[in-house]
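> would you be able to build a 3D model of this:
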Amino acid sequence: MANLYSINPDAKIGNNAQIGDFTIIHEDVEIGDNVKIYGNVTIFPGARIGDNVTIFPGAVISAVPQDLKFRGEKTYAYVGNGTTIRECATINRGTASKGETRVGDNTLLMAYVHVAHDCRIGNRVIVSNAVQFAGEVVVDDCAVIGGGSLVHQFCHLGRNIMLQGGALVNKDIPPFVKAAREPISYVGLNSIGLHRNGFSEEEIKQISDIYKIIYLSDLNVTNAVQLVMDKIPESPYRDEIVNFINNSGRGIIRSAI
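As a prediction, this is how the structure comes out:
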């Protein structure tokens, strides 16, 4: 029986790839080894897909950005090793701004997720159904994003966060916290997620102490950060949180407590 898919002869397909019926793979596409692509997937030019990736029906990878400033420049969309892309998820390629959109290793994009141009999604991120990332969003490793959430362009979501479903995110969310309510706010530490990711009790306590100062001290952010630097012993976690806050382009979420 004839193959029912279309693969451009210039595409590079790795070993042991499984490609379902009615899938279309365009030119300037590179796909790694042991990839499983179900039927009705479309992969446009600029896609760079790693090893052991699974892509479910209806997904569209590396379509041109939905950005009126895009002028057809050569850009890319990267999908890391071991990542799963579920039904009808879409990943647009980059623009001249960053040149690439990137989804990391062992990440799960559930059905109907949209990753816009120049986003950077980290490793081992879980993105639940129908989440919509606007352009140039950054999501750090091991974040968990609740279903139906909408994330404003340029927002930065720190690592190991837990974001409630249906959230409207227009501020940066610092690492290791839970964010919920409307407007989106700090509601505590993501302690369960930290335990699951191997953080020690001592590490979790120090992170908790930092956020008590940031969010529960009635100080403004600048003064709270200075108090953290004065009172909390130096550690990678202290410095990571302080650097995140100091480098926040949109400002961090505030407390609901």
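
> so where do the helices sit in the protein?
In the chain, helices defined by DSSP state H lie at 191-196, 201-216, 221-231, 236-246, listed in chain order.

> can you list contacts of the shortest one?
Contacting residues not belonging to helix 191-196 are listed as 142, 144, 160-162, 176, 203-204, 207-208 [CB atoms under 8 Å, 6 or more residues apart in numbering]. No exception for glycine: its C-beta is placed from N, CA and C like everyone else's.

> what's the answer for the second one, then?
The set of residues external to helix 201-216 that reach it, using CB under 8 Å, 6+ apart, is 174, 176-177, 186, 189, 191, 194-195, 199, 219, 221, 224-225, 227-228, 231-233, 235, 237-238, 241, 245, 254-255, 257.

> run the last query once more with 6 Å
Residues lying outside helix 201-216 but in contact with it, judged by CB atoms under 6 Å, 6 or more residues apart in numbering, are 176, 186, 189, 191, 194, 224, 227-228, 232, 237, 241, 255.

> got the angle between it and helix 221-231?
Taking axes from the mean of the first three to the mean of the last three CA atoms, to 10 degrees, one finds that helix 201-216 is oriented at 150 degrees with respect to helix 221-231.

> again with the last one
Per the same axes, to 10 degrees, the angle that helix 236-246 makes with helix 221-231 is 160 degrees.

> distance from the chain centre to helix 236-246, please.
Distance, stretch centre to chain centre, for helix 236-246: 19 Å (CA atoms, centre = their mean, to the nearest Å).

> what's the answer for the first one, then?
Counting by CA atoms, centre = their mean, helix 191-196 is centred 19 Å from the centre of its parent chain.

> please identify the buried residues of it?
191, 193-194 (16 or more other CB atoms under 10 Å).

> I'd like these laid out as CSV, including distance to R124.
What follows is the buried residues of helix 191-196, written out as CSV (distance: CB to CB, whole Å):
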residue, distance to R124
S191, 18
G193, 11
L194, 14
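
> what subset of the contacts of helix 191-196 is buried?
Applying the neighbour count, that is 16+ other CB under 10 Å, the buried entries in these are 142, 144, 160-162, 176, 204, 207.

> among these, which are located in strands?
The strands, defined by DSSP state E, take in 144, 162 from the buried ones among the contacts of helix 191-196.

> out of the buried ones among the contacts of helix 191-196, which is nearest to M110?
V144 (11.4 Å; CB to CB).

> that closest one against Q164, yeah?
No. Between V144 and Q164 there is no contact under CB atoms under 6 Å: 10.0 Å.

> ends of stretch 177-185, what's the gap?
This stretch, stretch 177-185, spans 10 Å end to end (CA to CA, to the nearest Å).

> returning to that earlier point: save the contacts of helix 191-196 as TSV, and put in pLDDT and distance to G94 too.
Supplementary listing: the contacts of helix 191-196 in TSV, determined by pLDDT from 0 to 100; distance: CB to CB, whole Å:
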residue	pLDDT	distance to G94
C142	98	24
V144	98	25
N160	98	26
I161	98	24
M162	98	28
F176	98	29
E203	97	35
I204	98	36
I207	98	33
S208	98	37
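
> name the nearest of the residues you listed relative to Y76.
For the contacts of helix 191-196, with Y76 as the reference and CB to CB as the criterion, the closest is C142, at 24.1 Å.

> re the thing from before, in TSV: the contacts of helix 191-196, plus distance to V79.
Supplementary listing: the contacts of helix 191-196 in TSV, determined by distance: CB to CB, whole Å:
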residue	distance to V79
C142	18
V144	19
N160	22
I161	22
M162	24
F176	26
E203	31
I204	32
I207	31
S208	35
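
> who are the contact partners of G14?
Applying CB under 6 Å, 6+ apart, one finds that G14 lies in contact with 31-33.

> ok, now with 7 Å
31-33, 35, 51 (CB atoms under 7 Å, 6 or more residues apart in numbering).
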